[in-house]
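Student: just the structure for this:
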Amino acid sequence: MSRYYLGLDVHKVRTQYCLVDQEGRIVREGSLPTEDVASLVELPRLPVVLEATGHWCAAYDALRASGGQVKLAHPARVRAIASARIKTDKIDARVLAHLLRTDLIPEAWAAPQDIRNLRDLLRLRWAFICDQTAAKNRIHVLLAREGLRFQGSDLFGRRGRRWLASLSLRPHVQELVSRLLQHLEETIRHVEALTERLHELLDTDPAIHLLVTIPGVGFITAATLLAELGDWRRFRGPKQVAAYFGLVPSVRASACTARYGHITKSGSKHARRALVEAAQSAVRIPGPARHRYLSLFRRRGKKVAIVAAARTLLVLAWTLLMNGEVYQRAA
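Tutor: Residues are numbered from 1 along each chain as shown. Presented below is the predicted three-dimensional model:
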């Protein structure tokens with residue numbers, strides 16, 4: 001019985017497909033609306049591959065529901081295996097089909113729906129926090145243009161708000177400040193609502209209770225780690241976890257010489273941000289992150305030391321999850 005392999009180059013509106021047989025001959029290729037990709041699974045358990053780009057989720061779910069044996073390809077590693085001077089959607093679909101046929105697909109982990117939902121909640125919460133920062137900065141700029149500066153530590157605390165309300169601003173500036181304050185209040189409500197929703201989902205999760213025992217790791221950091229790690233058992237060891245989140249140095253090796261550069265920053269930027277923020281707090285508290293930070297601070301500087309502390313937090317979190325243990329400070 002002949003076996004076939006389907007490669008898909010998925011985009012937001014249309015998807016290019018290429019179906020090849022076990023000898024590598026192209027049986028059929030073309031394009032169709034992305035929402036119709038499930039119709040391509042005409043044979044039971046048809047091997048299918050698509051890249052983990054921005055529009056993979058709906059296509060992946062639809063193909064699996066139709067009975068396809070679906071693999072999710074890591075885009076960067078596919079390019080490394082099959083680089084081409086000419087790159088088109090048709091060529092990409094062909095390359096994916098042939099890599100699938102020869103069992104050379106560098107697979108990416110396909111997060112299940114509950115993990116995707118958790119990531120969506122956390123990333124939207126972070127987007128609203130960024131909106132808050134942008135609104136606050138804009139208000140500071142508007143006041144500076146008027147030669148005004150609050151002498152306290154927090155313009156948006158109680159005393160700062162009273163000072164802001166007492167100002168006699170030009171109508172134009174007053175209108176802009178009022179709109180920015182309204183936007184700020186709205187984003188605060190969104191953040192509070194999303195935080196409450198996260199607590200509803202995770203307060204009974206044993207993994208959260210393990211992670212928040214780590215010095216410097218709070219509820220949101222722990223939730224972010226759970227969301228971005230997904231199934232933590234899929235990692236072979238701490239080095240692989242650190243590499244997955246881009247917290248390892250880049251390496252250029254030639255013969256007997258190896259040069260180490262900045263961290264790779266591959267993987268989830270959301271996890272790296274959360275870990276670095278947690279490290280800022282953790283280095284002030286006795287614990288492994290502080291120890292790692294102090295060991296590097298004088299020799300390598302603050303930035304390198306903080307990133308190293310963030311990696312320490314990540315490895316410690318993964319170890320606790322794997323062992324099902326709470327953090328215990330060494331005597």
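
Student: low-scoring stretches of the stretch 1-150 of the chain, by residue?
Tutor: By pLDDT under 70, the low-scoring segments of the stretch 1-150 of the chain are 1-2, 80, 82-85.

Student: strands along that one, start to end?
Tutor: Here the stretch 1-150 of the chain has its strands, by DSSP state E, counting those that start in this stretch, at 4-10, 14-21, 26-33, 47-51, 69-73.

Student: the stretch 201-331 of the chain now?
Tutor: 249-254, 257-263.

Student: domains for the chain, by residue range?
Tutor: 4-101, 113-204, 207-323 (automatic domain parsing).

Student: will you turn these into JSON lines that also has distance to residue 329 and mean neighbour count?
Tutor: The way it works is simple: take the backbone N, C-alpha and C, and place the C-beta from them, glycine included. Formatted as JSON lines, these follow (distance: least, CB to CB, whole Å; neighbours: other CB atoms under 10 Å):
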{"stretch": "domain 4-101", "distance to residue 329": "38", "mean neighbour count": "17"}
{"stretch": "domain 113-204", "distance to residue 329": "24", "mean neighbour count": "14"}
{"stretch": "domain 207-323", "distance to residue 329": "7", "mean neighbour count": "17"}
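
Student: could I get these as TSV with distance to residue 107?
Tutor: Listed next are those as TSV, based on distance: least, CB to CB, whole Å:
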stretch	distance to residue 107
domain 4-101	6
domain 113-204	17
domain 207-323	11
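
Student: from residue 272, how far off is residue 245?
Tutor: Distance, residue 245 to residue 272, by CB to CB, to the nearest Å: 6 Å.

Student: which residue packs closest to residue 74, ignoring adjacent ones?
Tutor: Excluding the flanking residues, the one nearest residue 74 by CB to CB, 6 or more residues apart in numbering is residue 108, at 4.2 Å.

Student: oh, that last question was meant for residue 106, not what I typed.
Tutor: residue 77 (3.6 Å).

Student: shaky segments in the stretch 151-300 of the chain?
Tutor: Judged by pLDDT under 70, the stretch 151-300 of the chain has its weakly predicted residues at 251-260.

Student: try 80 this time
Tutor: 250-261 (pLDDT under 80).

Student: which residues of it fall in helices?
Tutor: Taking DSSP state H, counting those that start in this stretch as the criterion, the stretch 151-300 of the chain carries its helices at 158-165, 171-202, 206-211, 219-229, 238-244, 269-282, 288-300.

Student: as CSV, these with distance to residue 307 would be great.
Tutor: Shown next, in CSV, are the helices of the stretch 151-300 of the chain (distance: least, CB to CB, whole Å):
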stretch, distance to residue 307
helix 158-165, 33
helix 171-202, 26
helix 206-211, 20
helix 219-229, 16
helix 238-244, 10
helix 269-282, 7
helix 288-300, 9
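
Student: ok, which of these comes nearest residue 97?
Tutor: Proximity to residue 97 (CB to CB) singles out helix 238-244 among those, at 27.3 Å.

Student: what helices and strands are in contact with the closest one?
Tutor: helix 302-323 (3 or more CB pairs under 8 Å, 6 or more residues apart in numbering; DSSP states H and E).

Student: chain center to the helix it packs on: distance?
Tutor: From the chain centre to the centre of helix 302-323 is a distance of 17 Å (CA atoms, centre = their mean, to the nearest Å).

Student: any idea of the angle that helix forms with helix 288-300?
Tutor: Taking axes from the mean of the first three to the mean of the last three CA atoms, to 10 degrees, one finds helix 302-323 and helix 288-300 inclined to each other by 150 degrees.

Student: what pLDDT, on average, does helix 302-323 get?
Tutor: Mean per-residue pLDDT for helix 302-323: 95.

Student: now the angle from it to helix 219-229?
Tutor: 70 degrees.

Student: thinking again about what came up before, can I get the strands of the stretch 1-150 of the chain in JSON lines including distance to residue 215?
Tutor: Compiled in JSON lines, those are given as follows (distance: least, CB to CB, whole Å):
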{"stretch": "strand 4-10", "distance to residue 215": "43"}
{"stretch": "strand 14-21", "distance to residue 215": "48"}
{"stretch": "strand 26-33", "distance to residue 215": "51"}
{"stretch": "strand 47-51", "distance to residue 215": "39"}
{"stretch": "strand 69-73", "distance to residue 215": "36"}
